[in-house]
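Here is the input, now give the coordinates:
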Amino acid sequence: MPFGAQVSGEGGTRFRLWAPGAKRLTLEIGAAPAQSGTAMTALEQGWFEAVLPDAPAGTRYAYRLGDTSFPDPASRCNPDDVHGASMVVDAHAFDWKDGAWSGRAWEEAVIYELHIGTFTPEGTFAAAIGKLDYLAGLGVTALEIMPVADFPGRRNWGYDGVLPFAPDAAYGRPEDLKRLVEQAHLRGLMVFLDVVYNHFGPEGNYLNAYAPQFFNAGHHTPWGAAINFDAEGSRNVRDFFVHNALYWIEEYRFDGLRLDAVHAIADDTEPDIVSEIARALRAGPGRGRQVHLILENDRNQARYLERDQAGRALQASAQWNDDIHHALHILSTGERDGYYEDYAGRPLWYLGRTLAEGYAYQGEPSAHRGGAARGEPSAHLPATAFISFLQTHDQVGNRALGERLCAIAQPQALRAATVCLLLAPSPPLLFMGEEFAASTPFQFFCDFGPELAAAVTRGRRQEFARFARFSDPAAQAAIPDPNDPATFAASKLRWDEIGRAPHGESLALHRELLALRHQLIVPRLRGMRSGGTFRIEHGSVLRVQWSLGAGAVLHLVANFAARASAAVSMPPGDVVYAYPPQGKGRAGARELAPWFVEYALETAHG
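Here you go, the predicted model:
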């Protein structure tokens with residue numbers, strides 16, 4: 001890695017920093033600001049370097065420009081938060097015990113998104129290891145960990161990170177995170193990491209002081225000037241993030257990354273930074289093991305999801321599919337404001353299109369986006385290119401009160417949506433606690449300094465003032481303060497719930513459905529080459545059909561209504577799952593009970 005501190009075999013360390021805005025830099029050794037230090041050698045193109053013969057792993061260091069000391073932007077560990085000194089880490093010191101692990105095929109993915117700080121009472125990497133057996137028994141095959149890059153304070157969702165290479169010390173040491181990955185692998189679980197390459201957080205980012213070329217004011221983003229991926233000096237910036245992606249896959253043995261909000265990355269080059277990262281992963285660690293790239297992309301750009309003739313992903317394995325969430329959310333809750341307006345007119349049609357073809361919007365105008373065209377055609381892609389979900393940190397946490405779907409949806413509708421999602425060909429994602437209908441909310445929380453904290457609290461409440469429910473100042477004042485430690489504490493899962501009703505029943509349903517998925521659906525996914533077909537009957541009945549591998553055909557028929565449907569013909573094949581149970585016999589036309597869902601599977605052998 002050309003950045004940061006690199007340990008040599010004799011206890012020495014090379015320190016390198018790209019600081020094109022500085023004329024002189026000093027390397028300080030020690031946790032506290034030093035009165036003197038080592039002058040760094042200025043190299044070409046804005047690089048500075050110092051090599052110390054006695055600076056082994058564990059050495060604390062910082063850089064000084066004038067009167068300001070700051071951590072290494074490529075710090076592998078920052079024990080005292082984002083303003084403190086960095087610590088030298090030996091990248092090869094961890095004794096891995098999962099040497100035979102080479103990953104899992106993408107078609108096997110059942111993803112479980114979790115936030116380290118609220119997943120367990122302790123909120124640490126080490127404590128999360130204690131839940132791995134539970135997740136494997138649930139039927140999960142992949143953890144997706146929300147961002148861990150060092151953020152200001154003790155509490156954060158992770159999207160305000162400013163040191164992209166340093167796991168936040170609130171969760172533990174680097175070796176604790178490596179052990180979590182190792183132990184997951186020993187249980188057959190993949191581990192993905194959510195990373196943020198579209199902005200830096202608002203506190204603790206010193207880059208403007210010594211590397212203003214890290215940003216491009218020619219592109220404006222919600223966070224100010226964009227990260228510079230396409231102007232003068234951008235090669236070093238691009239390398240910083242390409243190496244960050246490789247770092248997590250190689251040094252921590254993650255099985256893949258989720259790139260947050262790539263639609264917010266401003267980059268006019270070709271290939272753009274998303275494609276460059278994808279190619280670097282596949283040409284590097286992806287040559288020897290299964291490595292997967294997941295995108296969040298509001299633009300619905302199918303180009304990143306293309307497959308080769310053998311069905312292998314050329315760039316990203318899949319994209320989070322917000323479209324399916326929005327359609328299912330309307331059907332199960334009736335809510336239609338905000339971004340749901342784009343789906344409110346015909347939510348069942350949009351659900352069918354997302355299940356069969358991937359994107360709901362494939363180039364059509366979006367009213368929510370002022371009539372702008374959104375998306376690209378996606379029906380030629382297999383369903384495995386789209387990750388489906390009912391809940392995520394965004395969809396729960398961006399509600400004013402952080403309510404989970406089980407608190408606001410009709411129970412029968414929620415069950416129908418759950419069955420619909422978990423047995424469809426698209427890889428499903430569960431948000432931590434969803435499987436047992438957790439009663440705890442997931443609220444927005446952070447831990448900024450006083451001035452920024454007050455601004456965040458005001459902004460959070462003003463954001464919801466446009467909703468009728470929160471138009472009254474008293475209602476706005478009831479929105480939890482993101483900086484209050486109680487908001488963070490309220491978001492922690494209560495694991496004692498799983499043994500009580502109705503939580504145990506929800507958990508049993510998820511286990512049953514995922515067991516069926518692994519037994520009957522997953523073995524036939526690899527042969528999928530394109531999407532499926534769908535149609536709506538009698539206004540409330542949805543039919544979807546997919547051609548799977550080995551000549552199999554999967555059918556879905558569902559009545560998304562609180563009333564029985566008109567008589568419809570039942571699909572051919574053996575019933576995989578049906579609720580409510582319809583009794584014996586399938587011949588002829590039948591009425592479907594309210595919120596009825598059935599999957600049936602035709603195989604080549606009949």
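
Pretty sure residue 277 sits against residue 242.
Yes: using C-beta atoms under 8 Å, residue 277 makes contact with residue 242 at a distance of 5.7 Å. Backbone N, C-alpha and C define where each C-beta goes, glycine included.

between those two, who's got more neighbours?
residue 277 (26 against 18; other C-beta atoms under 10 Å).

Give me the three-state assignment for that one.
When classified by DSSP: H, G, I helix; E, B strand; the rest coil, residue 277 comes out as helix.

The residue nearest to it when sequence neighbours are not counted: how many residues sit nearby?
Spatial nearest neighbour of residue 277, excluding adjacent residues (C-beta to C-beta, 6 or more residues apart in numbering): residue 245 at 4.8 Å. Residue 245 is flanked by 27 other residues according to other C-beta under 10 Å.

Shouldn't residue 245 be within a helix?
Yes: secondary structure of residue 245 (three-state DSSP): part of a helix.

Go ahead and confirm it touches residue 193.
No: in this structure residue 245 lies outside contact range of residue 193 using C-beta under 8 Å: 9.6 Å.

overlap in contacts of those two?
The contact sets of residue 245 and residue 193 overlap at residue 257 (C-beta atoms under 8 Å, 6 or more residues apart in numbering).

what about residue 466, how many neighbours?
Neighbourhood size, residue 466 [other C-beta under 10 Å]: 10.

could you measure it against residue 222, distance?
Distance, residue 466 to residue 222, by C-beta to C-beta, to the nearest Å: 17 Å.

do the same with residue 316
Plainly put, residue 316 is 23 Å away from residue 222 if you go by C-beta to C-beta.

the more surrounded of these two?
Using other C-beta under 10 Å, the more surrounded residue of residue 316 and residue 222 is residue 316, with 27 against 8.

ok, now which ones touch the more buried one?
So residue 316 contacts 274, 278, 293-295, 304-305 (C-beta under 8 Å, 6+ apart).

do residue 240 as well
So residue 240 contacts 3, 18, 73-74, 164 (C-beta under 8 Å, 6+ apart).

So which other helices or strands are in contact with the worst-scoring helix or strand of the chain on mean pLDDT?
Ranked by mean pLDDT, DSSP states H and E, the helix or strand of the chain with the weakest confidence is helix 473-477, at a mean of 87. For helix 473-477, the packing partners by 3 or more C-beta pairs under 8 Å, 6 or more residues apart in numbering; DSSP states H and E come out as helix 450-463.

buried sites along the helix it packs on?
The neighbour-count check on helix 450-463 (16 or more other C-beta atoms under 10 Å) flags 452-453, 456-457, 460-461 as buried.

now swap in stretch 377-396 and tell me
Buried, per 16+ other C-beta under 10 Å, within stretch 377-396: 378, 381-396.

Show me those that map onto helices.
393-396 (DSSP state H).

Residue ranges in the protein under the pLDDT threshold?
Low-confidence segments of the chain (pLDDT under 70): 35, 583-587, 606.

again, only using 50
Across the chain, nothing is flagged by pLDDT under 50.

if we can go back for a sec, name the nearest of the ones in helices among the buried residues of stretch 377-396 relative to residue 354.
For those, the closest approach to residue 354 (C-beta to C-beta) belongs to residue 395, at 14.7 Å.

for the helix or strand where residue 209 lies, packing partners?
Secondary structure from DSSP states H and E places residue 209 in helix 207-210. Judged by 3+ C-beta pairs under 8 Å, 6+ apart, helix 207-210 is in contact with strand 60-65, strand 68-70.

Name the residues that touch the last one?
Taking C-beta under 8 Å, 6+ apart as the criterion, the residues outside strand 68-70 that touch it are 28, 33, 62-64, 83, 85, 206, 209-210.

Nearest to residue 443, out of these: which one, please.
So of those, ranked by how close each gets to residue 443 (C-beta to C-beta), first place is residue 83, at 26.0 Å.
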